[in-house]
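Colleague: Dropping a prediction and its sequence here:
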Amino acid sequence: YDELTGLANRGLLRQRLERGILASAGTGGRLGVLFVDLDRFKYINDSLGHQVGDQLLVAMAGRLRSCVSERDTVARLGGDEFVVLVEDRRGLGEITARAERVLDALSRPWSCAFGEFHVTSSMGVAVYPENGLDAETLLKNADAAMYRAKENGRNTLQF
């Protein structure tokens with residue numbers, strides 16, 4: 001687990017992603033990989049200090065947890081990058097709704113000793129089996145989609 005946020009770490013995410021792929025393959029279900037990056041996190045971290053940046057990461061981790069079910073996984077890859085693994089979904093509509101809920105939760109104002117901040121995020125979504133049949137491909141495609149979301153103005157999601 002990630003020391004700062006208590007979320008799953010990269011290794012645990014990989015295990016759960018591989019397990020989710022096997023389960024989805026067996027049931028014909030879909031698996032969503034939501035790759036989330038906080039927009040302009042570096043500005044807060046550098047200007048207000050790493051302690052405030054850490055507080056923001058912990059707060060965003062809590063918001064991410066509040067958006068998922070017990071069978072889903074929220075992981076911190078490092079820095080301000082998170083992955084939400086949305087397991088056992090039949091349709092893209094459910095995955096899209098979950099992704100939109102995450103974007104909404106992360107965009108709510110965040111307060112600390114220095115004031116209130118409007119932090120947004122950019123998200124890339126990859127879906128098994130449409131966007132990849134293995135963990136590495138799904139993560140790579142979700143990451144690429146996240147960068148496309150940043151290029152398209154941030155605070156949005158891209159498949």
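Modeller: In hand now; what should we look at? Numbering: from 1, shown residues only.
Colleague: in the strand or helix carrying Gly93, what counts as buried?
Modeller: Per DSSP states H and E: Gly93 is located in helix 92-107. Of the residues in helix 92-107, those buried under the neighbour-count criterion (16 or more other CB atoms under 10 Å) are 95-96, 98-99, 102-103, 105-106. Using the backbone N, CA and C atoms, a C-beta is placed for each residue, glycine as well.
Colleague: May I have the secondary structure class of Asn131?
Modeller: coil (DSSP: H, G, I helix; E, B strand; the rest coil).
Colleague: could you measure it against Lys140, distance?
Modeller: For Asn131, the distance to Lys140 (CB to CB, to the nearest Å) stands at 10 Å.
Colleague: what about the nearest residue to Phe41 once chain neighbours are set aside, how many residues close to it?
Modeller: The shortest distance from Phe41 to any non-neighbouring residue, by CB to CB, 6 or more residues apart in numbering, is to Asp80 (3.9 Å). By other CB atoms under 10 Å, 21 other residues sit near Asp80.
Colleague: Would you agree Asp80 is in contact with Leu57?
Modeller: Yes: with contact defined as CB atoms under 8 Å, Asp80 reaches Leu57; the gap is 6.6 Å.
Colleague: got CSV for the buried residues of helix 92-107, with pLDDT too?
Modeller: As requested, those are arranged in CSV below (pLDDT from 0 to 100):
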residue, pLDDT
Ile95, 91
Thr96, 92
Arg98, 91
Ala99, 93
Val102, 95
Leu103, 95
Ala105, 96
Leu106, 95
